[in-house]
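Asker: need a 3D model of the sequence below.
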Amino acid sequence: MTDQTTPPKSVFETTPGLPDPVTVSRLLVELAEHSHAAIRVQTEKALKGEALPYDPMAVANAWMALGTALWRDPQRLFEIQTRNLEDWTALWRTMAERATGQSPEPLVQPDRGDRRFKSADWSDEPVFDYLKQSYLLAAQQIGDLVQTADLDDATRTQVDFFARQTINALSPANYAMTNPDVVRRTIETGGVNLMTGLSNLLDDLATNEGLVRRRAPQTFEVGKDLAATPGAVVFQNDLFQLIQYAPSTDEVFQRPLLFVPPLVNKFYLFDLTPRSSYLKWLVDQGHTVFVISWVNPDASHADKGLDAYVVDGVLEAIGAVEAATGERGLDLVSYCLGGTLSAMTLAYLAQTNQADRVASATLIATLVDFRSIGEWSVFTGEKELEVFERYLDDKGFVEAHDLAKLFSTVRANDLIWNAVVTHYLLGDESRPSDLLSWFDDGARIPAATLKQYGRLVLNQNRLREPGGIEINGQALDLSKIETPVFVIALKDDHVSAWKDTYTGRFLFGGETRFILGGSGHNAGMINPPGANKHGYWTNAEAPADPETWLAGAENKPGSWWPEWQAWLGDEAKVAARTPGKGGKLKALEAAPGSYVKAR
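Answerer: Residues are numbered from 1 along each chain as shown. Take a look at the predicted model:
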């Protein structure tokens, strides 16, 4: 069998291997077991007739809209076909030149960072090079076709989204016979990789709700390797547990810090392994850190809406921090949907003359103005919301795996197709990853919250309007918030686009500061100074246009964490606070608590 560490020069020179009979026998038994389980599970689902969280006709409707737009303008269609034929002729000419021993420049190249075609065989072998370039050319032409078609903006966004999903699915990297790495592995193992992959596929159909399970060594355990920063739960209600972390310094800042995570997934994205833990870093800087650990809701929480998450959630947590420390006026830090809830909370406090309970607010990767949500608008149209609300009425909450599917489709090549190739075609395991372990540990969201968030916030964008949303009978007005606000956006964020995050700063009535971190929604947040990665941009000016802001910004290396810490400023210090001691709250159980472990 070929040595895996020194692959042959060409995939076509791979030495065939013979499969181990014991391995084949074991795989045949697994295939039979997983086949029976998958058939049983899929049959039970069909018989139940459960409501779907999406419209199954949406893809067909999108393609029909594109087709109709093209046939309405035959002249444009003819021009597009002519230009496309010229491109294909150029590609065929390039391939012909290569066949005669020449070295022409590729007609089309993968985007930077496209990991699907990283194998040298995609360029070195003419067959695979043609497959790659013809796919990329077709994808480029389809994208141009959608962008130039006579469609309204909403329809174009929907058509573009489903077109890209189709294009991603049809990549030659996703199929056994057209992926050189899979061809090589199949020859080497005598097909054992494909048997292993089929077994994995059937197992996922039976046990993983249609998601590709990231098969990796189980090296991470919540409370031991992840979410392991020492502390204690000091308060809980039916929506959250409040964790206070043990100090690591003799003195701490007088103002305590409360962190508000989003409702999706678990809070320990911010407390992964110790070297990358944002919460541990905060503790080490001298903060008395509290974090909300949201409950993983079930049907009993179906009626918990935005009112509950603001009043019984964030506000209740602020009161608990005050009771634990005796301090009024904390630093409120939040992320994504947790930041949107925090903005609502700040507006509620301003409306009820309690603004002094928060001394500063930090909103990370947070939208408060939803005028332009890009491809997320595909899921928030009137028809899409009606279908989704029927699903919510049926269950009382959204399933964690359905949320995972939603987020995965937005980054399908990384979160779906890469896993398909790894686990179903190559038959491999993934490397252990603290971030992917967290991503797979999903959380549900109650029906009432998602209904209100979908219609009032996403669809109607009423949070930006004075009085557009009411919480506990109080009309919210972001312009009444005079608390200093630090807004942190992430440049490659696919959830909270940085330009929209930037423009949201102008809705607040007080001082705002903005910085732009490098990388994406999760990796840009978890960026410890010791890693010295990604970099960030700062600019003290506040022009209306985000591109103007970026053009005048200074690009700095490393993590934005210390820059933000400096903004909080030097403040008085007091003796370190131990969870459950010195205040009105007692320790209930050790961190990370029981809520985070509920599946």
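
Asker: next up, the contacts around the most centrally placed residue in the chain.
Answerer: Geometric centre of the chain, nearest residue: Phe407, 5.6 Å, by C-alpha atoms, centre = their mean. Phe407 is in contact with Val264, Leu415, Val495, counting by C-beta atoms under 8 Å, 6 or more residues apart in numbering. Where C-beta positions appear, they are placed from N, C-alpha and C, glycine not excepted.

Asker: now swap in Ile364 and tell me
Answerer: Contacts of Ile364 by C-beta under 8 Å, 6+ apart are Val333, Ser334, Tyr335, Cys336, Gly339, Ile488, Met525.

Asker: and the contacts of Phe407, which is closest to Trp567?
Answerer: Distance to Trp567, by C-beta to C-beta, is smallest for Val495 among these, at 23.7 Å.

Asker: returning to what we had before: give me the distance from the helix or strand harbouring the residue nearest to the centre of the chain to the chain's centre.
Answerer: Applying DSSP states H and E as the criterion places Phe407 in helix 400-410. In terms of C-alpha atoms, centre = their mean, to the nearest Å, the centre of helix 400-410 is found 9 Å from the chain centre.

Asker: out of the contacts of Ile364, the closest to Asp124 would be?
Answerer: Out of the contacts of Ile364, the member with the shortest distance to Asp124 (by C-beta to C-beta) is Met525, at 38.4 Å.

Asker: check whether that closest one really touches Tyr335, as I assumed.
Answerer: Yes - with contact defined as C-beta atoms under 8 Å, Met525 counts as touching Tyr335 (6.5 Å).

Asker: and these two? which has more neighbours close in?
Answerer: Taking neighbours as other C-beta atoms under 10 Å, Met525 and Tyr335 compare with Tyr335 leading, 26 against 21.

Asker: next one: that one from Pro557, what distance?
Answerer: From Tyr335 over to Pro557 the distance is 23 Å, taken as C-beta to C-beta, to the nearest Å.

Asker: and for Leu392?
Answerer: The value you get for Leu392 to Pro557, if C-beta to C-beta is used, is 45 Å.

Asker: out of the two, which sits in the more crowded spot?
Answerer: The neighbour comparison of Leu392 against Pro557 (other C-beta under 10 Å) goes to Leu392, with 22 against 10.

Asker: contacting residues around the closest residue to the more buried one other than its chain neighbours?
Answerer: Closest residue in space to Leu392, ignoring its immediate chain neighbours: Ala447 at 3.9 Å, by C-beta to C-beta, 6 or more residues apart in numbering. By C-beta under 8 Å, 6+ apart, the contact set of Ala447 is Ala302, Asp303, Leu392, Asp393, Lys395, Gly396, Phe397, Val398.

Asker: can you check Leu70 too?
Answerer: Contacts of Leu70 by C-beta under 8 Å, 6+ apart are Arg76, Leu77, Leu145, Ala149.

Asker: let's see 10 Å
Answerer: Counting by C-beta atoms under 10 Å, 6 or more residues apart in numbering, Leu70 touches Arg76, Leu77, Ile80, Leu145, Thr148, Ala149, Asp150, Leu151.

Asker: please apply the same query to Asn237.
Answerer: Counted by C-beta under 10 Å, 6+ apart, Asn237 has contacts Val295, Ala308, Asp312, Gly313, Glu316, Ala317, Ala320.

Asker: repeat that for Pro230.
Answerer: Going by C-beta under 10 Å, 6+ apart, Pro230 touches Tyr245, Ala246, Pro247, Ser248, Lys280, Val283, Pro579, Ala590, Ala591.

Asker: cool, Ser248 as well?
Answerer: Applying C-beta under 10 Å, 6+ apart, we find Ser248 in contact with Thr229, Pro230, Lys280, Val283, Asp284, Gln285, Gly286, Ala576.

Asker: again, but for Val420
Answerer: Listed by C-beta under 10 Å, 6+ apart, the contact partners of Val420 are Ala169, Ala173, Asn174, Tyr175, Gly197, Asn200, Leu201, Val212, Ala412, Leu426.
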